[in-house]
Each structure stands twice: as C-alpha cells, then as structure tokens.
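Student: Here is the input, now give the coordinates:
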Amino acid sequence: MLTIDEAFRKFKSRLELNDKEQKNATDRHTEVREYIRTKFSIDRDFLTGSYARYTKTKPLKDIDIFFVMKDSEKHYRGKSAGVVLDDYKKALVDKYGEKAVRRQSRSINVDFGVQVKEEDKTDYKIMSVDVVPAFTSGNDYEIPDGDTGNWIKTNPEKHAEKATRAHQAYSSEWKGLVRMAKYWNNNPKHGEKPVKPSFLIEVMALQCLHGGWGGQFDREMQGLFATMADRIGEVWPDPAGLGPPISDSMDSKRVAKAQQALRQASAQIDQAIHLVRLGRTGDALKAWRELFGPMFPLS
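Tutor: This is a model prediction of the structure:
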C-alpha cells in the first residue's frame, strides 16, 4: 500500500505535463501564434498564465498566449477595448469556426473540442487556448477589458517572477502544491468552481503557504485550505501591483460559497490525517481521493 507521502508525490507527478501532452500543447499554441501573425501586426508573442508559470493543472486547458501588437495597431487604443476583442474573435472564427471561439472579458478562447474521459484524461491533448491582445506600456503591458471597455495594465512576467521566488523558497514544492489546490477547485462535484478565477488560488498561496516546506504534503494542505477558508473574503491585489484586484469577481455570494467549500475541504483533510493516526492508511487515501478527484492515486 502507498504511504501518504508516496501517494502525494505520485499525484503531483500526474498533474505535470508528460512528453505527449507537451508536444500537443506546443503544436497547438504554435499553430494559433502563426495564424494570428498573419492577421495582425505583432511585435512579439509569448506564453503567459499558469501554463508558463508551471502552475497549470489538469485537464489542460486555457493556455494563455500574449500578442504584443506593433505601433501600427495603436488605432485600437483610441477605441473601446471590446473592439480589438471583437476583431480577434472574427479572425479566429474564420479559422476555427463560430462554435469553437468565445469572447471572454480579456481574451478570446479557442476550444479544440477535446473531451475529458475517465480519470480526467484527454488522450494527451490540450483542450483550449486563450488569445490575449496587448500593447507595451513602459516596462508593463496593457490589455483590453471588454466588461468595462477600458484598457488595463498588467505584467505577467512579474507574476512569473513571484511564483518562481515562492517555489524556490518552498524547496521547489510550492508549484506542485498550487497545482493540487487548483485541481481540487476544478472538481466537477462543486458545480461552478468555488474560487474564481483559478489564478486567485495562486495569488493567495503566495501568502497562505508560508514558513517554508515542512516536509509533509498532508500538513501543507491542512494549513493551506484552513488559511484560504479564513481569508477568501479579503481583497487580493494584482501581485504585479498594476491591474484590478484578482479577487474582483468574488462578490459576497461567491465568497460565502467558496468559504463553505474550503471549510468542508479543511474538515475532510483533518479527517484524512486522523485516519492515518488510527493506522487506517487505506481509508485515508480514499478520503484524499474523495477530496481531490480521480487523479489522486489509491495504489
């Protein structure tokens, strides 16, 4: 029988991209990048978000691609931010079809029609990408906010730097812990994700995972979920100090729902740890699987 530590290490490994998944992700985002360059004047494009920071969990979807446009496209800055999103959507619909393309608040989502199978498997294929139009703004960037019509500042490179520092300070375990928490958040049993956006979990983990790696995954999860339950209602600023708070979409109703889910998860974790004390490791493994979902191993 697996020990709890062995199970968590196997779980962490399952949430990492294997070679086949990495190849499919590279093929897909390269295809989108090359196509967008034929439709808009792009200065440079690069991967951002949790995929680029290695905090993306599975099933793998919504890989963020930043498209930094040239000065010749600056006419968009004098228009409502929704205009550039509409134009990017139209261009992507021409290639992928109306049903596969969806305009979001700050990006365009392209769905590749990949179905999730048992144990969250997707035949090593990524499900979707998010296309983000952007302009440089000094050392930072501006991206469109279609909800307000404004352009907002951001800097995904600063987000990546903070994640890297946190990972190093946590004996290179921080990103794995974040992926696990995000996987819990994706569990279909919740219905809608309790914590939205998923990036908020990562932002909270910058503070809620503290004191350095203690050597036990179960104890780290115990502390993380208990602290998130206590602090989910706080305002969580953009780690880059530029855009609106990451917690902006968490209104009082969503906070209450998330807090309930986090407290329930915290109670499940306490019970799983107690089962190990009783010598019931098999039951503890089942409790962890119930908490996280099908990728948590039982053997």
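
Student: so how far is Ser299 from Gly223?
Tutor: Counting by C-beta to C-beta, to the nearest Å, the gap from Gly223 to Ser299 is 27 Å. For every residue, glycine as well, the C-beta is placed using N, CA and C.

Student: These two: which is more packed in?
Tutor: Gly223 (17 against 8; other C-beta atoms under 10 Å).

Student: what residues are up against Asp87?
Tutor: Contact analysis of Asp87 by C-beta atoms under 8 Å, 6 or more residues apart in numbering lists Tyr76.

Student: which of the residues in stretch 232-244 are buried?
Tutor: Neighbour counts using 16 or more other C-beta atoms under 10 Å place 232, 236, 238-240, 242-243 of stretch 232-244 among the buried residues.

Student: residues making contact with it?
Tutor: By C-beta under 8 Å, 6+ apart, stretch 232-244 touches 140, 152-156, 158-159, 162, 195, 200, 203-204, 206, 245-247, 250, 255, 258-259, 262.

Student: And stretch 160-173, by the same measure?
Tutor: By C-beta under 8 Å, 6+ apart, the residues outside stretch 160-173 that reach it are 48, 52-55, 174-175, 177, 202, 205-206, 209, 212-213, 220, 239.

Student: Just to be sure, which of those residues are found in helices?
Tutor: Among those, DSSP state H puts 52-53, 174-175, 177, 202, 205-206, 220 in helices.

Student: Show me which helix runs longest in the protein.
Tutor: Longest helix in the chain, counting by DSSP H: helix 252-277.

Student: Who are the packing partners of the next helix or strand after that one?
Tutor: Scanning forward in sequence from helix 252-277 by DSSP states H and E, the next helix or strand is helix 281-292. Helices and strands touching helix 281-292, by 3 or more C-beta pairs under 8 Å, 6 or more residues apart in numbering; DSSP states H and E, are helix 4-14, helix 174-186, helix 252-277.

Student: If we use 10 Å, what do you get?
Tutor: helix 4-14, helix 174-186, helix 217-231, helix 252-277 (3 or more C-beta pairs under 10 Å, 6 or more residues apart in numbering; DSSP states H and E).

Student: Just put those in JSON lines and tack on distance to Met295 and mean pLDDT.
Tutor: Shown next, in JSON lines, are the helices and strands packed on helix 281-292 (distance: least, C-beta to C-beta, whole Å; pLDDT from 0 to 100):
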{"stretch": "helix 4-14", "distance to Met295": "5", "mean pLDDT": "96"}
{"stretch": "helix 174-186", "distance to Met295": "7", "mean pLDDT": "96"}
{"stretch": "helix 217-231", "distance to Met295": "14", "mean pLDDT": "97"}
{"stretch": "helix 252-277", "distance to Met295": "16", "mean pLDDT": "97"}
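
Student: and the ones you listed as TSV, adding distance to Glu119?
Tutor: Below are those laid out as TSV (distance: least, C-beta to C-beta, whole Å):
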stretch	distance to Glu119
helix 4-14	9
helix 174-186	12
helix 217-231	20
helix 252-277	20
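
Student: Kindly compare burial across those helices and name the winner.
Tutor: helix 174-186 (a mean of 23; mean count of other C-beta atoms under 10 Å).
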